[in-house]
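**Q** Got a sequence here, can you build the structure:
(one chain, ligands or ions: 2)
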Amino acid sequence: LASRAHKPEDTVIEVGGASIGGNGFIVMAGPCSVESEQQIEQCAEWTARHGASVLRGGCFKPRTSPYAFQGLGLPGLDLMKAAGSRHGLPIITEVMAPEQVDAVAQQADILQIGARNMQNFSLLKAVGQCHRPVMLKRGLMNSVDELLQAAEYILAGGNQQVMLCERGIRTFETATRNTLDLSAVPVLRALTHLPIIVDPSHAAGRRDLVEPLSLAAKAVGAHGIIVEFHPEPEKALSDGPQALYFEQFANMMRKLHA
Ligand code: PEP
Ligand code: MN
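**A** Ligands and ions are numbered 1, 2, ... in the order given. So this is what the prediction gives:
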């Protein structure tokens, strides 16, 4: 179902006024985690003001350490939904468990499957039953073929609104948090009709690399990017080192448009 052989024309996903796929290029932006009403409101305002079309924010966080901030859960999702609505933005957030899917789908416009859950097959089956678009992130240690087969689980369940996300993979290289596999973008565009999104933030792990990698993602044919920013990156409860300052995000948006 994911292959070009099955469906030659690009899938375009319409969500809250944004068209994802085809010839367009969209930006999803926001904090790593929803932290407070004020923080997500500031982020929503900045996202809308600079022409990004989807607000991102995590409420259920897949953290390496159980002692790290785990997210605000459903109350955080309510805050993000309200902020998105005030600024006319659809929202994307991660869902981590099959039993959360219904509750998250009630509020979120796009469901994110995180890299660590790319092969959580019960979760894939659960979002396959759901009526919301899904963004499936490539696992840290997964091949392009495994990503496509994971997408197949969602499509086979009946949900045709699937987009894929390259977010960097683990290699021997330590200069970046992960290695952004930009080759995966044209490779995937040839193999599948599904929209391809690039996440330079989680790939690089460093804010200084987010702009060049975003420009490269657009050049290599991605349908969009998902990036993290924060009003005060030094105080971020997760992923501060890769969060853009507000002005950096604004500058990057100008360059992407140019
Ligand atoms: C995220 O987008 O907040 C995230 C946790 O990303 P990944 O699953 O790619 O690590
Ligand atoms: Mn993050």
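**Q** What residues of stretch 150-159 count as buried?
**A** For stretch 150-159, a neighbour-count test (16 or more other Cβ atoms under 10 Å) marks 150, 151, 152, 153, 154, 155, 159 as buried. For every residue, glycine as well, the C-beta is placed using N, CA and C.
**Q** Touching that stretch from outside, list them.
**A** Residues outside stretch 150-159 that contact it (Cβ atoms under 8 Å, 6 or more residues apart in numbering) are 1-2, 118-119, 121, 124-125, 127-132, 134, 136, 139, 142, 162, 164, 192, 194.
**Q** out of the residues you listed, which touch ligand 1?
**A** Among the contacts of stretch 150-159, not one lies near ligand 1 by Cβ under 6 Å from any ligand atom.
**Q** Are any of these buried, and if so which?
**A** Buried among those by 16+ other Cβ under 10 Å: 1-2, 118-119, 124, 127-128, 130, 132, 134, 136, 139, 142, 162, 164, 192, 194.
**Q** ok, the residue of the stretch 151-258 of the chain found nearest ligand 2 - contacts?
**A** Among the residues of the stretch 151-258 of the chain, residue 239 lies closest to ligand 2, at 3.7 Å counting by Cβ to the ion. Residues near residue 239 by Cβ under 8 Å, 6+ apart: 32, 33, 201, 202, 228.
**Q** can I assume the last one sits in a strand?
**A** Yes. If the criterion is DSSP: H, G, I helix; E, B strand; the rest coil, then residue 228 is within a strand.
**Q** correct me, but it touches residue 56?
**A** Yes. Contact criterion Cβ atoms under 8 Å: residue 228 and residue 56 qualify, at 7.4 Å.
**Q** Overlap in contacts, the two.
**A** Common contacts of residue 228 and residue 56, defined by Cβ under 8 Å, 6+ apart, comprise 29, 30, 31.
**Q** Relative to residue 252, which of those residues is nearest.
**A** residue 29 (9.4 Å; Cβ to Cβ).
**Q** residues touching residue 105, list them.
**A** Going by Cβ under 8 Å, 6+ apart, residue 105 touches 95, 111, 130, 131, 132.
**Q** Show me which residues of the stretch 51-200 of the chain are close to ligand 1?
**A** Residues of the stretch 51-200 of the chain lying near ligand 1 (Cβ under 6 Å from any ligand atom): 58, 62, 114, 115, 116, 137, 167, 199.
**Q** Select only the buried ones of those in ChimeraX?
**A** Applying 16+ other Cβ under 10 Å to those, the buried members can be selected in ChimeraX as follows:
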select :58,114,115,137,167,199
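**Q** Name the nearest of the residues of the stretch 51-200 of the chain next to ligand 1 relative to residue 76.
**A** Among those, and counting by Cβ to Cβ, the member closest to residue 76 is residue 58, at 8.2 Å.
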